[in-house]
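[1] Provide a 3D model corresponding to the input given below.
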Amino acid sequence: MQKCSSLTARSSQVLSTRTLVLALAISTFLMSAMVPSAQAAGFSQGNVVVYRVGDGTATLSANAAPVFLDEYTPTGTLVQSIALSPAPTPPNRQLTASGSATTEGFLTLSADGKFIVFTGYDAPVATLALPGTTAAAVNRVVGRVDATGAVDTSTAINSLTSAFSGGNPRGVTSDNGNNFWLVGSNTGVVFATRGSSASTVISTSQTNLREANIFAGQLYISTAAGTAFRIGSVGAGLPQIAGQTVTGLPGFPTSGASNGFLFARLGNVGAGFDTLYVADDGSSQLQKFSLVGSSWVSNGNIPAGTARGLTGVVVGSSVTLFGTNGSNLFTFTDNSGYNAPISGTITVRASAGTNKAFRGVAFTPSNSAPPTVAATRASRCLSSGGGPPWITLVMRSRR
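    Now for the predicted structure:
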């Protein structure tokens, strides 16, 4: 009887264990179904993410193409691809892009460093003439992804007057992953908040814009249209209401096609940024400017194809840039320092491939809990998105 009782007890324990495992599995499934974010593998710190259009199966056109976020090491090894276009779980929306609109898909890192943000359309793959659709019929979507790979595409704006209706959403920036400043081909600078369908036009100084970005708490935009400016600040700080004016950078050219841009501090005078790198696809160049006195002066350029996306890392007086030009992800290191001529050549790190195209590029977002520093020297990453300086040497995480 004792053996039988023991066996019965063990059987009950096994049954209880199996029941517990099953209950946990069901609970995990139900919890995951309630989370509005698509989940991929977590990002690795120090890598870059590229917005890719196309999966290689269909020729890219103005029709809706699938979108992917491709993570690469700094030397160009593909780590993972996150698909944004499959049918999502509400309130998330699917996100596609025009296959032929070369100035869509800019990526930026939020100012707090915790999210990559991007734009697209809530439309099925192969939807015809995507940029010509109205925002009411095809909402314009803002997406964000955090360090764990969780994707949120719940922000879908739909106004006929403030959501790039009949045009292209191109770029977006954020301070914290909840506030968004968008630009595109026909509306101006638009403010929206996470999860909302509402949007507010805060500036119409120029309506045809390329990229928006935040550096040192100030909103900046770029354009290839008009003659007033090519890169300018919008209002003061991070405005959210209508009536903002754009102030062009003093001395900076008012012609050309400015896309992605990166501010850096390379000199030892003053507390602000004194160096600016710009991707110009009109002249197929990476351009360098320095702030001398109160005016931005040219330090030359290098050939870079139809350069559009841009981010970078600053170490002392050396800047390593990561850029995209449609076909390739490339790097370039400028060791010349403040107010010195740019020199060198780009190095191709990865290629998009047939029936695919690279758009924007940004560094991977940070963990919500910053790692502890195990080194006394560090580099500053003044990345696309203008986040805080990130330690890039030996680190240990307490998580």
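
[2] checking P131 next. Helix, strand or coil?
    At P131, secondary structure determined by DSSP: H, G, I helix; E, B strand; the rest coil is helix.

[3] name all residues that make contact with it.
    Neighbouring residues of P131 by Cβ atoms under 8 Å, 6 or more residues apart in numbering: A62, S98, A101, G166, G167, N168, S185. From N, CA and C alone the C-beta is placed, and that goes for glycine too.

[4] distance to A228 and pLDDT for those residues - can I get that in a markdown table?
    Shown next, in a markdown table, are the contacts of P131 (distance: Cβ to Cβ, whole Å; pLDDT from 0 to 100):
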| residue | distance to A228 | pLDDT |
| --- | --- | --- |
| A62 | 29 | 98 |
| S98 | 27 | 98 |
| A101 | 24 | 98 |
| G166 | 23 | 98 |
| G167 | 20 | 98 |
| N168 | 21 | 98 |
| S185 | 17 | 98 |
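
[5] where along this structure do the helices fall?
    2-34 (DSSP state H).

[6] partners of T275 in the sheet?
    A264, S290 (DSSP bridges).

[7] now restrict the contacts of P131 to buried residues only.
    S98, A101, G167, N168, S185 (16 or more other Cβ atoms under 10 Å).

[8] what's the closest of those to N328?
    A101 (18.4 Å; Cβ to Cβ).

[9] still on that earlier bit, okay, the buried ones among the contacts of P131 in TSV with distance to V50 next?
    Shown next, in TSV, are the buried ones among the contacts of P131 (distance: Cβ to Cβ, whole Å):
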residue	distance to V50
S98	17
A101	16
G167	24
N168	19
S185	22
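
[10] which ones among those map onto strands?
    The strands in this structure, assigned by DSSP state E, contain S98 from these.

[11] which of the buried ones among the contacts of P131 lies closest to N178?
    Once Cβ to Cβ is applied, the member of the buried ones among the contacts of P131 that ends up nearest N178 is N168, at 23.9 Å.

[12] V314 and F273 touch, don't they?
    No. Contact criterion Cβ atoms under 8 Å: V314 and F273 do not qualify, at 10.2 Å.

[13] which stretches of the stretch 1-150 of the chain form strands?
    In the stretch 1-150 of the chain, the strands defined using DSSP state E, counting those that start in this stretch lie at 38-39, 48-53, 64-72, 78-83, 96-98, 108-109, 115-121, 140-146, 150-157.

[14] okay, now the unreliable bits of the stretch 1-150 of the chain?
    Within the stretch 1-150 of the chain, the segments meeting pLDDT under 70 span 1-39.

[15] in a markdown table: the strands of the stretch 1-150 of the chain, plus distance to G237.
    As requested, those are arranged in a markdown table below (distance: least, Cβ to Cβ, whole Å):
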| stretch | distance to G237 |
| --- | --- |
| strand 38-39 | 32 |
| strand 48-53 | 27 |
| strand 64-72 | 29 |
| strand 78-83 | 32 |
| strand 96-98 | 30 |
| strand 108-109 | 17 |
| strand 115-121 | 18 |
| strand 140-146 | 20 |
| strand 150-157 | 22 |
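
[16] ok, the spatially closest residue to Q218 that is not a sequence neighbour - contacts?
    Using Cβ to Cβ, 6 or more residues apart in numbering and skipping residues adjacent in sequence, the residue nearest Q218 is S233, 5.5 Å away. Counting by Cβ under 8 Å, 6+ apart, S233 touches Q218, L219, Y220, V246, T247, L249.

[17] now S233: how far from S44?
    33 Å (Cβ to Cβ, to the nearest Å).

[18] wait, S162 sits on T187?
    Yes. The pair S162 / T187 is scored as a contact, 6.3 Å apart, by Cβ under 8 Å.
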